[in-house]
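S.K.: Sequence first, then the predicted structure, then my questions.
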Amino acid sequence: MKKHDCIIIGSGPAGYTAAIYAARADLKPIMYMGLQPGGQLTTTTEVDNFPGYAAGVDGNAMMDDLKNQAERFGTEVRFGLVTKASLNSKKGGYHTLTIDEGHHIQARTVIIATGASAKYLGLPSEQKFMGFGVSACAVCDGFFYKGQDVVVVGGGDTAAEEATYLAKLCPKVTLLVRRDEMRASKAMQNRVMATKNIEVLWDTETLDLLGDDKGLTTVRVKNRKTSETTDIPATGFFVAIGHKPNTDIFKGQIDMDEAGYIKTQSDSTATNYPGVFCSGDAQDKIYRQAVTAAGTGCMAALESERYLAALGH
Ligand code: NDP
């Protein structure tokens, strides 16, 4: 089995920043890109808050820049999903990763940068209409609903952003908020309220999604205060209720909290396994920003370098 110094799992801002630093430190990192090469930013249109892009940048273009930068220093970027991890609890030992349920690869340091994925409501009908009305990414799928009425569920910044994005394409957007207030920032809420074709339904939960063999036609909702049920005609249903860290493959090995966020030591990206570091949204439930992910990616690479140096690398 091929043995390496450093494997990076995930290709978002955390993974690529780790790759840039690890490659420059001559760790010859191998990166597995995972199911969504480029990570969550590839589902965003404009990124306005990443330092260095004075005029903003398209999410895909930014991830291409990061990939090119990581490859310039020798990172080997591979397609593939890590489907199993057998971590070694001995200092200096090799960790074994299974790629695409097939071949194995070993490394003395592993940088986890697997990010997080969108959450769904859990309704059976949500699965039924997945891709035929149900989506968790307005930027990816909104175009398919151009000229049609849609519903967005959620009360955070993502829901506010998705609703305002869709309002540019769709005649009417109904935003379902389960409480009588939104969690989104004031600025985002103001944008929602100022958009004429967004209707906010407060205290509203989704009961069911109905449709025919062509796809979704109706969203059935209930007002939690009055118990009144309403059928909203819509062909698109966009779920924007938060994210879940992509850490299932490490369950039972790495210490994590009840939501699945990997626990790292304070001021460090070290996990409870020697040589295994975690960066980005897989360990951060507070900031969840591209720039903070990049920062912890940098930390993880520097800590990998020091770990290997202490082993005589
Ligand atoms: P959040 O966790 O902030 O919000 C989730 C929202 O979904 C809440 O309003 C929550 O309601 C609601 N919700 C959760 N579960 C359900 C459910 N089962 N049914 C109905 N509603 C539900 O997630 P976001 O993805 O919005 O944001 C994550 C982070 O990313 C935040 O820190 C946010 O600020 C940031 N972000 C920043 C952006 C920007 O700056 N441009 C853009 C997008 C995100 P309740 O409030 O009742 O819990």
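M.R.: Thanks, I have it.

S.K.: end-to-end on stretch 254-263?
M.R.: Counting by C-alpha to C-alpha, to the nearest Å, you get 8 Å between the two ends of stretch 254-263.

S.K.: ok, is it in contact with the ligand or not?
M.R.: No. Stretch 254-263 stays clear of the ligand (C-beta under 6 Å from any ligand atom), getting no nearer than 10.8 Å. Every C-beta, even on glycine, is put in place using the N, C-alpha and C of the backbone.

S.K.: now what about that stretch, what contacts it?
M.R.: 87, 112, 244-245, 247-248, 250-251, 271-273, 276, 278, 282-285 (C-beta atoms under 8 Å, 6 or more residues apart in numbering).

S.K.: For the stretch 1-150 of the chain, which residue gets nearest to the ligand?
M.R.: Proximity of the stretch 1-150 of the chain to the ligand (C-beta to the nearest ligand atom) peaks at Leu121, 5.2 Å away.

S.K.: Tell me if I'm right that that residue and Val153 touch.
M.R.: Yes. A contact is recorded between Leu121 and Val153 when judged using C-beta atoms under 8 Å, the distance being 7.0 Å.

S.K.: what is in contact with the two at once?
M.R.: Joint contacts of Leu121 and Val153 (C-beta under 8 Å, 6+ apart) are Thr206, Val239, Ile241.

S.K.: Most neighbours of all the residues you listed, which one?
M.R.: With neighbours taken as other C-beta atoms under 10 Å, the top of those is Val239, carrying 24 neighbours.

S.K.: distance of it from Leu176?
M.R.: According to C-beta to C-beta, to the nearest Å, Val239 stands 10 Å off from Leu176.

S.K.: for Tyr165, same thing?
M.R.: On the measure of C-beta to C-beta, Tyr165 and Leu176 end up 16 Å apart.

S.K.: Between these two, tell me which one has more neighbours.
M.R.: Higher neighbour count among Tyr165 and Leu176: Leu176, with 25 against 18, using other C-beta under 10 Å.

S.K.: May I have the beta-bridge partners of that one?
M.R.: Val153, Leu201 (DSSP bridges).

S.K.: Let me see the contact set for it.
M.R.: Val151, Val152, Val153, Gly154, Leu201, Thr204, Glu205, Thr206, Val219, Val221.

S.K.: Just the buried residues from those residues, in ChimeraX please.
M.R.: Restricted to buried positions by 16 or more other C-beta atoms under 10 Å, the ChimeraX selection for the contacts of Leu176 reads:
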select :151,152,153,154,201,204,206,219,221
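
S.K.: for the contacts of Leu176, which one is nearest the ligand?
M.R.: Of the contacts of Leu176, the one sitting nearest to the ligand (C-beta to the nearest ligand atom) turns out to be Gly154, at 3.8 Å.

S.K.: got the contact list for that closest one?
M.R.: Contacts of Gly154 by C-beta under 8 Å, 6+ apart are Glu162, Leu175, Leu176, Val177, Val239, Ala240, Ile241, Gly242.

S.K.: Need the per-residue pLDDT for it.
M.R.: Predicted confidence (pLDDT) for Gly154: 98.

S.K.: from here on, count from 40
M.R.: With 40 as the first residue, the last one maps to Gly193.

S.K.: wait, Lys130 sits on Tyr312?
M.R.: No. At 9.7 Å, Lys130 does not count as touching Tyr312 under the criterion of C-beta under 8 Å.

S.K.: These two: which is more packed in?
M.R.: Ranked by neighbour count (other C-beta under 10 Å), Lys130 and Tyr312 place Tyr312 first, with 21 against 12.

S.K.: Could you measure from the more buried one over to the ligand?
M.R.: 28 Å (C-beta to the nearest ligand atom, to the nearest Å).

S.K.: do Thr331 as well
M.R.: With C-beta to the nearest ligand atom as the criterion, Thr331 and the ligand are 11 Å apart.
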